[in-house]
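Trainee: Task: produce atomic coordinates for the following.
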Amino acid sequence: MDADRAHDAQSALRSLGFDTHASAGSTHTSQHLAPLYRDGLPGWLELHIATASRRGSDRLPSRELEQLSIRSERDGLSVRLLPAAYDVLHGLAHNHFSHRSSSLGTVNLKGLYEFAAAVNAAKASDHEQIHDRATRDARLLGAFDFWVAAAARFYRFTPPAGWSIAPDADARAVRVLARMARGEMGSMLTIFREEVGLALGRVQRSAKPGQRMRTRANILNSAIREIVVPWRDRADLHRDSAGIRSSR
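Mentor: Below you'll find the model as predicted:
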């Protein structure tokens with residue numbers, strides 16, 4: 001929704017007992033207003049004023065999502081919803097890129113659960129569409145393969161027909177989940193090598209022959225821009241990227 005309507009909605013939710021928590025780690029950004037919490041309810045609400053951040057839009061453009069969204073009306077309320085396949089991909093891009101999991105060598109466990117549950121609930125035609133759209137961008141495809149492998153490892157997720165667990169993505173999932181279990185942050189070089197390595201390994205599938213050199217350069221440039229995070233912010237960003245957020 002636009003910013004003015006989002007602030008009105010935020011005020012309405014506050015009147016229903018929702019409130020922000022400064023200790024939660026995430027505040028108002030260019031993508032969404034400050035998260036809202038309410039005692040007795042799990043999770044939080046984020047009212048978005050943009051479909052995705054720049055990092056997410058680089059992989060799954062906001063304009064593409066807006067054009068694909070479907071208007072739904074009920075009891076005088078009107079919302080726009082994404083088709084099932086793009087809802088899955090938006091969640092992946094939102095958590096892995098917009099929330100900096102790609103920059104910090106983590107996987108968002110809440111988002112990963114939602115991904116696995118949404119895929120399990122989707123139709124075979126949606127599974128094909130998810131895979132086909134992911135294949136159009138090397139970094140999105142690398143993240144997709146990584147999430148499939150991580151969901152299989154952490155949630156015993158079974159990939160649907162036509163999907164497979166790539167050995168390099170599975171190896172990354174093992175490393176990342178082990179680091180998270182130990183509460184460790186990977187080095188900048190390790191994270192860069194993991195993120196870029198998966199993407200470069202998928203250029204042959206995602207780009208036409210005449211575009212592959214440019215695609216490789218774009219992978220390196222985008223990864224450098226995203227992964228070189230100011231050191232003083234890494235601890236807070238690391239917590240949020242893993243889906244670990246408290247309402248205390």
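
Trainee: tell me the mean pLDDT for the longest helix belonging to the chain?
Mentor: Counting residues, the longest helix found in the chain (DSSP state H) is helix 138-155. Helix 138-155 shows a mean pLDDT of 98.

Trainee: so what are the domain limits for this structure?
Mentor: Following automatic domain parsing, one gets these domains for the chain: 1-50, 52-241.

Trainee: any chance of the ones you listed in CSV, with mean neighbour count too?
Mentor: C-beta: built from backbone N, CA, C; applies to glycine. Below are the domains of the chain laid out as CSV (neighbours: other CB atoms under 10 Å):
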stretch, mean neighbour count
domain 1-50, 14
domain 52-241, 17
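
Trainee: hey, least reliable of these by pLDDT?
Mentor: domain 1-50 - the lowest mean pLDDT of the domains of the chain, at a mean of 78.

Trainee: Now for the residue nearest the centre of the chain: which residues touch it?
Mentor: Nearest to the mean C-alpha position of the chain, by CA atoms, centre = their mean, lies N95 at 2.3 Å. Neighbouring residues of N95 by CB atoms under 8 Å, 6 or more residues apart in numbering: S101, N108, K110, G111, L112, G243.

Trainee: biggest separation within these, which pair?
Mentor: Across the contacts of N95, the two members that end up farthest from each other (CB to CB) are S101 and K110, 11.2 Å apart.

Trainee: How far away from the center of its chain is the helix or strand A118 falls within?
Mentor: Using DSSP states H and E, the element containing A118 is helix 109-121. Distance of helix 109-121 from its chain centroid, counting by CA atoms, centre = their mean, to the nearest Å, is 11 Å.

Trainee: any idea how far A178 is from W44?
Mentor: 28 Å (CB to CB, to the nearest Å).

Trainee: The closest residue to A207 other than its chain neighbours is in what secondary structure piece?
Mentor: Counting by CB to CB, 6 or more residues apart in numbering, T215 is the residue found nearest to A207 once chain neighbours are left out, at 4.1 Å. Using DSSP H and E, T215 maps to helix 212-227.

Trainee: what angle do that helix and helix 138-155 make?
Mentor: Counting by axes from the mean of the first three to the mean of the last three CA atoms, to 10 degrees, helix 212-227 lies at 60 degrees to helix 138-155.

Trainee: how about the helices in the protein?
Mentor: Using DSSP H, the helices of the chain run over residues 3-15, 54-59, 62-68, 84-93, 101-104, 109-121, 124-134, 138-155, 167-182, 188-200, 203-206, 212-227, 234-241.

Trainee: and the second one, how far from the chain's centre?
Mentor: On the basis of CA atoms, centre = their mean, helix 54-59 is displaced by 10 Å from the centre of the chain it belongs to.

Trainee: I'm done for today, thanks for sticking with me.
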